[in-house]
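# Predicted model follows, preceded by the sequence.
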Amino acid sequence: MKIAIIGAGNLGLAIAKGILHSNGATTMYLTKRNTKSIQEFEKYGNVTVTSDNQEAVKNSDILIFAVQPGHFASILEETKDLLTEKHVVISTITGFRIPKIEEIIGSDKFIIRSMPNTAISVGKSMTCICSNELGKKRVDLAKAIFNRMGHTMEIPEDQMQAATVICASGIAFWMRLIRATTQGAIQLGFDAKEAQELAMHTCNGAASLLIESGSHPEEEIDRVTTPKGCTIEGLNEMEHQGLSSSLIRGIVSSFEKISQIRKG
Ligand SMILES: NC(=O)C1=CN([C@@H]2O[C@H](COP(=O)(O)OP(=O)(O)OC[C@H]3O[C@@H](n4cnc5c(N)ncnc54)[C@H](O)[C@@H]3O)[C@@H](O)[C@H]2O)C=CC1
Ligand SMILES: O=C(O)[C@@H]1CCC=N1
């Protein structure tokens, strides 16, 4: 698998780490306008760092674009004449719809739109995927690539905006919840390091319980909330203060913001 990551920033580098972690590529190109900060990746023998997107495209089959939405169209213009039937174009760009990509490079290309998150660097991304008509023939390949670095779900393109909020922005939302729990634990007497260890492993355990048992969160909550006990006391106070409501409102605000990014 010859992979190029066009735009090795926060997400692009997370994907690169995930690929290296899972031995997922025979060769990998990483591109960025100024390559100084990512030069160290060349210590991995099969990685080439360059600011030349055309070189990366020519020497790769799987092209993962991870640039800011405002830069994507011009980079597609710059590389479109080099695209052949060997290439699979995978976009991670927020709000940039497949018809807009087809307008630039044509509908006769394999186009996958993906929405991974930064946990891809440790092989734990939740990645949503959709494709153009021709790209349906490469969806299994895209899933195979991303399944090595977490879990995938194929969805209609219309749900991509919502998937961005839940899965990609979701990493930040869960981080804040873990951080707030840590602050609570510090207030209760744990030192900062211990407090974070308690918070993150408990969070991991809660998610694993659902993933492995297939049960509903409320079933698991019922198993923890002793009548007249401390859990229900804390949980109800959190809800009186708007815990679920604030999360839902935040998710909807984030979703609405993507519409503005798309118009911009
Ligand atoms: N950061 C995240 O967690 C996620 C980001 N995304 C999407 O991924 C894309 C990238 O996001 P980030 O990594 O956060 O942004 P970023 O700004 O950290 O990375 C973009 C990179 O592209 C490089 N770049 C700019 N022009 C270039 C060019 N002409 N050729 C090659 N490289 C060029 C920049 O130097 C930068 O390193 C965005 O479209 C974003 O919406 C999607 C899911 C998650
Ligand atoms: O905040 C953003 O706009 C991008 C998309 C999802 C994660 N980061």
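Yep, it's here. None of the values given here were measured: they were computed from a predicted structure. Numbering: from 1, shown residues only. Ligands and ions are numbered 1, 2, ... in the order given.
# excluding its backbone neighbours, what's nearest the residue of the stretch 1-150 of the chain found nearest ligand 1?
Closest to ligand 1 within the stretch 1-150 of the chain is Gly9: 1.8 Å, counting by CB to the nearest ligand atom. For every residue, glycine as well, the C-beta is placed using N, CA and C. Leaving aside its chain neighbours, Gly9 sits nearest to Ala66 (6.6 Å; criterion: CB to CB, 6 or more residues apart in numbering).
# ok, now Ile251?
Val165 (5.6 Å).
# How about the contacts made by the one you found?
Contacts here follow CB atoms under 8 Å, 6 or more residues apart in numbering; on that basis Val165 touches Ile251, Ser254, Phe255, Ile258.
# Can you pull the phi/psi pair for it?
Here is the backbone geometry of Val165 (degrees, to the nearest 10): phi -70, psi -50.
# What pLDDT is listed against it?
pLDDT recorded at Val165 is 97.
# Ranking helices and strands of the protein by mean pLDDT, which lands last?
Least confident helix or strand, the chain: helix 243-263 with a mean of 92, by mean pLDDT, DSSP states H and E.
# Identify the residues contacting that helix?
Pro69, Thr94, Gly95, Phe96, Arg97, Gln161, Ala162, Thr164, Val165, Ile166, Ser169, Phe173.
# again, only this time at 10 Å
Helix 243-263 is contacted by residues 68-70, 93-97, 100, 160-162, 164-166, 168-170, 172-173, 176-177, 235, 237-239, 242 when judged by CB atoms under 10 Å, 6 or more residues apart in numbering.
# Roughly how far does the nearest residue to Leu13 once chain neighbours are set aside sit from Thr48?
Counting by CB to CB, 6+ apart, Leu13 lies nearest to Ile38, which is 6.8 Å off, once chain neighbours are set aside. Distance from Ile38 to Thr48, counting by CB to CB, to the nearest Å: 11 Å.
# Quick check: neighbours shared by these two?
Contacts common to Ile38 and Thr48, judged by CB under 10 Å, 6+ apart, are Leu30, Thr31.
# Give me the neighbour count for Ala192.
The tally of other residues near Ala192 (other CB atoms under 10 Å) stands at 11.
# ok, now Ala163?
22.
# wait, the residue nearest to Leu13 sits on Met28?
No: contact criterion CB atoms under 10 Å: Ile38 and Met28 do not qualify, at 11.6 Å.
# Which one of the two is surrounded by more residues?
Ranked by neighbour count (other CB under 10 Å), Ile38 and Met28 place Met28 first, with 25 against 20.
# That one in helix, strand or coil?
Look at Met28: counting by DSSP: H, G, I helix; E, B strand; the rest coil, its state is strand.
# measure it to ligand 2 for me?
Distance, Met28 to ligand 2, using CB to the nearest ligand atom, to the nearest Å: 22 Å.
# who's that residue bridged to?
Ile3, Val47 (DSSP bridges).
# what sits against it?
1-5, 15-16, 19-20, 41, 44, 46-49, 56, 60, 62, 64.
# 7 Å instead?
Ile3, Ala16, Ile19, Asn46, Val47 (CB atoms under 7 Å, 6 or more residues apart in numbering).
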